[in-house]
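> Build the 3D model from these lines:
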Amino acid sequence: MTSRRTRLRTAHRAHAALTVVVVATLLVLNLAGVLTGVMALRLFLIIEVPLLLVLLAITVLRFRRLRRSADAPRAGLLDRLEVEEPLLRPAVAELRAFCSLILAVLRKRQVPRGSQWFGYTRGSMAFPTVMIVLSVVELVIVHILVPWVWLQVVLLVLAIWGVLFLLGLIATCVVHPHFVADETLHLRWGHRTVLSAPLTRIASVAPHANHKHTQPQIEGESLILSQFQSTNVIITFAEPVAAAAPVSKKALPDDFHATEVLLHVDDLDSFLQAVRPLSDEVTR
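Sure thing, here's the model as predicted:
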(Lines give C-alpha, C1' and ligand atoms only; values in the text may rest on other atoms or scores of the structure.)
Protein backbone atom coordinates (compact mmCIF):
# COMPACT_ATOMS: atom_id res chain seq x y z
CA MET A 1 0.00 0.00 0.00
CA THR A 2 2.82 2.38 0.89
CA SER A 3 4.74 1.71 -2.34
CA ARG A 4 1.56 2.20 -4.37
CA ARG A 5 0.90 5.51 -2.62
CA THR A 6 4.51 6.58 -3.25
CA ARG A 7 4.21 5.78 -6.96
CA LEU A 8 0.93 7.67 -7.18
CA ARG A 9 2.47 10.66 -5.40
CA THR A 10 5.45 10.65 -7.80
CA ALA A 11 3.17 10.43 -10.84
CA HIS A 12 0.98 13.24 -9.52
CA ARG A 13 3.94 15.55 -8.92
CA ALA A 14 5.49 14.75 -12.32
CA HIS A 15 2.24 15.35 -14.17
CA ALA A 16 1.63 18.62 -12.31
CA ALA A 17 5.14 19.79 -13.22
CA LEU A 18 4.60 18.83 -16.87
CA THR A 19 1.29 20.73 -16.95
CA VAL A 20 2.92 23.87 -15.57
CA VAL A 21 5.84 23.62 -18.03
CA VAL A 22 3.49 23.33 -20.99
CA VAL A 23 1.46 26.36 -19.89
CA ALA A 24 4.64 28.41 -19.33
CA THR A 25 6.06 27.37 -22.70
CA LEU A 26 2.92 28.35 -24.60
CA LEU A 27 2.79 31.68 -22.79
CA VAL A 28 6.46 32.48 -23.48
CA LEU A 29 6.19 31.52 -27.16
CA ASN A 30 3.08 33.67 -27.52
CA LEU A 31 4.68 36.68 -25.85
CA ALA A 32 7.82 36.24 -27.96
CA GLY A 33 5.75 36.30 -31.15
CA VAL A 34 6.64 32.74 -32.16
CA LEU A 35 3.02 31.67 -31.77
CA THR A 36 0.02 33.77 -32.67
CA GLY A 37 -2.85 34.05 -30.27
CA VAL A 38 -4.95 31.64 -32.34
CA MET A 39 -2.16 29.07 -32.58
CA ALA A 40 -1.48 29.30 -28.84
CA LEU A 41 -5.17 28.81 -28.10
CA ARG A 42 -5.38 25.77 -30.38
CA LEU A 43 -2.31 24.19 -28.79
CA PHE A 44 -3.75 24.94 -25.37
CA LEU A 45 -6.99 23.16 -26.23
CA ILE A 46 -5.21 20.24 -27.90
CA ILE A 47 -2.41 19.70 -25.37
CA GLU A 48 -3.08 21.54 -22.13
CA VAL A 49 -6.77 20.72 -21.63
CA PRO A 50 -6.19 16.93 -21.79
CA LEU A 51 -3.23 17.35 -19.43
CA LEU A 52 -5.43 19.27 -16.99
CA LEU A 53 -8.14 16.60 -17.17
CA VAL A 54 -5.63 13.84 -16.45
CA LEU A 55 -4.14 15.91 -13.62
CA LEU A 56 -7.61 16.39 -12.15
CA ALA A 57 -8.28 12.65 -12.31
CA ILE A 58 -4.96 11.79 -10.62
CA THR A 59 -5.57 14.46 -7.96
CA VAL A 60 -9.02 13.09 -7.13
CA LEU A 61 -7.70 9.51 -7.02
CA ARG A 62 -4.73 10.43 -4.83
CA PHE A 63 -6.65 12.42 -2.27
CA ARG A 64 -9.52 9.95 -2.11
CA ARG A 65 -6.96 7.34 -1.11
CA LEU A 66 -5.45 9.82 1.29
CA ARG A 67 -8.85 10.32 2.95
CA ARG A 68 -9.17 6.55 3.42
CA SER A 69 -5.62 6.19 4.71
CA ALA A 70 -5.33 4.18 7.90
CA ASP A 71 -2.02 5.77 8.94
CA ALA A 72 -3.73 8.44 11.02
CA PRO A 73 -7.43 7.59 11.31
CA ARG A 74 -8.16 10.47 13.69
CA ALA A 75 -6.29 13.08 11.67
CA GLY A 76 -8.28 15.43 9.50
CA LEU A 77 -7.85 15.55 5.74
CA LEU A 78 -5.89 18.81 5.88
CA ASP A 79 -3.54 17.35 8.50
CA ARG A 80 -2.87 14.33 6.31
CA LEU A 81 -2.45 16.59 3.30
CA GLU A 82 0.24 18.60 5.10
CA VAL A 83 2.18 15.43 5.86
CA GLU A 84 1.65 13.86 2.44
CA GLU A 85 2.41 16.91 0.29
CA PRO A 86 4.77 19.50 1.82
CA LEU A 87 4.47 21.69 -1.29
CA LEU A 88 0.83 22.34 -0.40
CA ARG A 89 1.48 23.42 3.19
CA PRO A 90 1.30 27.17 2.40
CA ALA A 91 -2.01 26.64 0.61
CA VAL A 92 -3.34 24.55 3.51
CA ALA A 93 -2.31 27.28 5.97
CA GLU A 94 -4.13 29.90 3.91
CA LEU A 95 -7.23 27.73 3.63
CA ARG A 96 -7.29 27.18 7.38
CA ALA A 97 -6.77 30.89 8.07
CA PHE A 98 -9.62 32.04 5.82
CA CYS A 99 -11.97 29.31 7.10
CA SER A 100 -11.18 30.36 10.67
CA LEU A 101 -11.86 33.99 9.79
CA ILE A 102 -15.31 33.04 8.51
CA LEU A 103 -16.00 31.00 11.65
CA ALA A 104 -14.86 33.90 13.84
CA VAL A 105 -17.20 36.32 12.05
CA LEU A 106 -20.03 33.82 12.57
CA ARG A 107 -18.96 33.40 16.24
CA LYS A 108 -18.66 29.63 15.84
CA ARG A 109 -15.96 28.17 18.04
CA GLN A 110 -14.77 24.67 17.28
CA VAL A 111 -15.44 22.95 20.60
CA PRO A 112 -17.61 19.95 21.49
CA ARG A 113 -21.17 20.68 22.54
CA GLY A 114 -21.50 21.06 26.28
CA SER A 115 -17.80 21.71 26.86
CA GLN A 116 -16.39 24.68 28.75
CA TRP A 117 -13.97 26.69 26.63
CA PHE A 118 -11.27 29.20 27.50
CA GLY A 119 -9.76 31.78 25.17
CA TYR A 120 -6.07 32.62 25.18
CA THR A 121 -5.67 35.53 22.75
CA ARG A 122 -6.20 38.53 25.04
CA GLY A 123 -3.03 40.60 25.18
CA SER A 124 -1.61 39.16 21.97
CA MET A 125 -3.40 41.45 19.52
CA ALA A 126 -1.10 44.48 19.75
CA PHE A 127 1.50 43.31 17.23
CA PRO A 128 -1.00 42.07 14.60
CA THR A 129 -2.96 45.32 14.99
CA VAL A 130 0.18 47.37 14.34
CA MET A 131 0.94 45.27 11.25
CA ILE A 132 -2.57 45.79 9.89
CA VAL A 133 -2.40 49.56 10.44
CA LEU A 134 1.02 49.71 8.73
CA SER A 135 -0.34 47.71 5.79
CA VAL A 136 -3.22 50.16 5.34
CA VAL A 137 -0.89 53.17 5.56
CA GLU A 138 1.51 51.56 3.09
CA LEU A 139 -1.36 50.89 0.71
CA VAL A 140 -2.42 54.54 0.76
CA ILE A 141 1.15 55.75 0.13
CA VAL A 142 1.71 53.29 -2.71
CA HIS A 143 -1.62 54.26 -4.27
CA ILE A 144 -0.47 57.90 -4.35
CA LEU A 145 3.04 57.19 -5.67
CA VAL A 146 2.32 54.46 -8.25
CA PRO A 147 1.04 55.99 -11.53
CA TRP A 148 -0.16 52.77 -13.20
CA VAL A 149 -3.73 51.74 -12.52
CA TRP A 150 -3.10 48.05 -13.17
CA LEU A 151 -0.27 48.00 -10.62
CA GLN A 152 -2.44 49.87 -8.11
CA VAL A 153 -5.10 47.18 -8.50
CA VAL A 154 -2.55 44.37 -8.07
CA LEU A 155 -1.08 45.98 -4.95
CA LEU A 156 -4.57 46.60 -3.58
CA VAL A 157 -5.49 42.94 -4.00
CA LEU A 158 -2.22 41.81 -2.40
CA ALA A 159 -2.67 44.20 0.54
CA ILE A 160 -6.24 43.06 1.15
CA TRP A 161 -5.16 39.43 0.94
CA GLY A 162 -2.33 40.06 3.40
CA VAL A 163 -4.60 41.77 5.93
CA LEU A 164 -7.25 39.06 5.65
CA PHE A 165 -4.62 36.34 6.01
CA LEU A 166 -3.24 37.98 9.14
CA LEU A 167 -6.74 38.30 10.57
CA GLY A 168 -7.29 34.65 9.69
CA LEU A 169 -4.22 33.60 11.65
CA ILE A 170 -5.58 35.47 14.67
CA ALA A 171 -9.01 33.94 14.13
CA THR A 172 -7.47 30.45 14.11
CA CYS A 173 -6.64 30.84 17.79
CA VAL A 174 -9.98 32.52 18.55
CA VAL A 175 -12.14 29.73 17.14
CA HIS A 176 -9.96 26.94 18.60
CA PRO A 177 -9.82 27.74 22.34
CA HIS A 178 -8.74 25.44 25.15
CA PHE A 179 -11.65 23.43 26.55
CA VAL A 180 -12.68 20.95 29.22
CA ALA A 181 -15.03 18.15 28.17
CA ASP A 182 -15.78 14.70 29.61
CA GLU A 183 -13.47 15.43 32.55
CA THR A 184 -10.55 15.92 30.16
CA LEU A 185 -8.51 19.06 29.61
CA HIS A 186 -7.61 19.88 26.00
CA LEU A 187 -4.97 22.54 25.38
CA ARG A 188 -4.73 23.98 21.89
CA TRP A 189 -2.53 26.20 19.80
CA GLY A 190 -4.50 27.31 16.78
CA HIS A 191 -6.05 24.34 14.99
CA ARG A 192 -3.62 21.93 16.68
CA THR A 193 -4.44 20.08 19.89
CA VAL A 194 -1.24 20.36 21.88
CA LEU A 195 -2.17 18.22 24.86
CA SER A 196 -5.09 16.21 26.20
CA ALA A 197 -5.11 14.93 29.77
CA PRO A 198 -7.79 13.66 32.15
CA LEU A 199 -8.36 16.03 35.03
CA THR A 200 -7.43 13.20 37.41
CA ARG A 201 -3.84 13.37 36.09
CA ILE A 202 -3.46 17.01 37.12
CA ALA A 203 -1.47 17.26 40.34
CA SER A 204 -1.83 21.01 40.77
CA VAL A 205 -2.92 24.16 39.00
CA ALA A 206 -2.17 27.66 40.20
CA PRO A 207 -1.71 31.26 39.05
CA HIS A 208 1.80 31.81 37.78
CA ALA A 209 3.32 34.71 35.83
CA ASN A 210 6.19 34.15 33.41
CA HIS A 211 7.34 37.23 31.47
CA LYS A 212 10.34 35.59 29.85
CA HIS A 213 8.88 34.06 26.70
CA THR A 214 6.93 35.62 23.83
CA GLN A 215 6.65 32.43 21.76
CA PRO A 216 5.93 28.77 22.58
CA GLN A 217 9.00 27.13 24.11
CA ILE A 218 10.19 23.88 25.66
CA GLU A 219 12.42 23.99 28.74
CA GLY A 220 13.28 20.51 29.90
CA GLU A 221 9.90 18.90 30.60
CA SER A 222 8.11 22.25 30.81
CA LEU A 223 5.96 23.49 27.94
CA ILE A 224 5.33 27.22 27.67
CA LEU A 225 2.33 28.34 25.63
CA SER A 226 2.56 32.09 25.23
CA GLN A 227 2.33 34.59 22.36
CA PHE A 228 3.30 38.21 23.04
CA GLN A 229 1.87 37.98 26.56
CA SER A 230 2.84 36.62 29.96
CA THR A 231 1.59 33.29 31.18
CA ASN A 232 -0.81 33.44 34.11
CA VAL A 233 -1.30 29.81 35.12
CA ILE A 234 0.85 26.72 35.62
CA ILE A 235 -0.44 23.14 35.43
CA THR A 236 1.58 20.32 36.96
CA PHE A 237 0.80 16.72 36.06
CA ALA A 238 1.07 13.70 38.32
CA GLU A 239 2.97 11.96 35.52
CA PRO A 240 4.32 13.17 32.14
CA VAL A 241 1.75 13.74 29.40
CA ALA A 242 2.41 13.42 25.66
CA ALA A 243 2.38 16.83 24.03
CA ALA A 244 2.57 18.05 20.42
CA ALA A 245 4.44 21.25 21.24
CA PRO A 246 3.96 24.05 18.65
CA VAL A 247 7.70 24.61 18.18
CA SER A 248 10.11 23.95 15.32
CA LYS A 249 11.17 20.36 14.65
CA LYS A 250 14.74 21.23 15.66
CA ALA A 251 13.55 22.38 19.10
CA LEU A 252 11.17 19.44 19.62
CA PRO A 253 12.65 16.44 21.45
CA ASP A 254 11.71 12.97 20.31
CA ASP A 255 8.60 11.64 22.04
CA PHE A 256 8.19 14.80 24.09
CA HIS A 257 6.19 14.52 27.32
CA ALA A 258 5.40 17.47 29.56
CA THR A 259 5.36 17.38 33.33
CA GLU A 260 4.07 20.94 33.52
CA VAL A 261 2.54 23.54 31.23
CA LEU A 262 2.71 27.31 31.62
CA LEU A 263 0.04 29.08 29.63
CA HIS A 264 -2.17 32.12 29.37
CA VAL A 265 -5.95 32.02 29.62
CA ASP A 266 -8.24 35.02 29.31
CA ASP A 267 -10.50 34.05 32.21
CA LEU A 268 -8.15 32.74 34.89
CA ASP A 269 -10.71 32.32 37.67
CA SER A 270 -13.09 30.28 35.53
CA PHE A 271 -10.22 28.13 34.30
CA LEU A 272 -9.06 27.39 37.84
CA GLN A 273 -12.61 26.51 38.88
CA ALA A 274 -13.05 24.20 35.90
CA VAL A 275 -9.83 22.31 36.54
CA ARG A 276 -9.67 22.43 40.34
CA PRO A 277 -12.49 20.03 41.35
CA LEU A 278 -10.57 16.93 40.23
CA SER A 279 -7.13 18.23 41.15
CA ASP A 280 -5.37 16.80 44.17
CA GLU A 281 -3.82 20.13 45.08
CA VAL A 282 -4.33 23.76 44.17
CA THR A 283 -2.04 26.46 45.45
CA ARG A 284 -3.10 30.03 45.47
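> From here on, just use CA atoms for contacts and neighbour counts.
Fine.
> Grab the most central residue of the chain for me.
In the chain, the residue lying closest to the centroid (C-alpha atoms, centre = their mean) is Ala93, at 4.7 Å.
> And that residue, how far from Val130?
To Val130, Ala93 is 22 Å away according to C-alpha to C-alpha, to the nearest Å.
> Kindly report the same for Ser248.
25 Å.
> buried set for the helix or strand that contains Ile235?
Secondary structure assigned from DSSP states H and E places Ile235 in strand 231-242. For strand 231-242, a neighbour-count test (16 or more other C-alpha atoms under 10 Å) marks 231-237, 240-241 as buried.
> Spell out which helix or strand contains Val275, please.
Per DSSP H and E, Val275 falls inside helix 268-275.
> pLDDT score assigned to Val140?
Note for Val140: predicted pLDDT of 81.
> mind listing the strands for the protein?
116-118, 178-181, 184-189, 192-198, 202-210, 217-219, 222-225, 231-242, 257-263 (DSSP state E).
> what about the chain, any weak spots by pLDDT?
1-2, 65-85, 277-284 (pLDDT under 70).
> hang on, the earlier thing: just name the closest of the buried residues of strand 231-242 to Ala17, please.
Val241 (43.2 Å; C-alpha to C-alpha).
> Let me see the contact set for that closest one.
195-197, 257-259 (C-alpha atoms under 8 Å, 6 or more residues apart in numbering).
> Try it again at 7 Å.
197, 257-259 (C-alpha atoms under 7 Å, 6 or more residues apart in numbering).
> next one: Phe165
So Phe165 contacts 94, 97-98 (C-alpha under 7 Å, 6+ apart).
> can you map out the helices along this protein?
Secondary structure of the chain (DSSP state H): helices at 2-31, 37-43, 49-67, 77-84, 89-105, 126-145, 149-175, 268-275.
> any chance of the ones you listed in JSON lines, with distance to Asp182 too?
Shown next, in JSON lines, are the helices of the chain (distance: least, C-alpha to C-alpha, whole Å):
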{"stretch": "helix 2-31", "distance to Asp182": "36"}
{"stretch": "helix 37-43", "distance to Asp182": "60"}
{"stretch": "helix 49-67", "distance to Asp182": "28"}
{"stretch": "helix 77-84", "distance to Asp182": "25"}
{"stretch": "helix 89-105", "distance to Asp182": "24"}
{"stretch": "helix 126-145", "distance to Asp182": "35"}
{"stretch": "helix 149-175", "distance to Asp182": "20"}
{"stretch": "helix 268-275", "distance to Asp182": "12"}
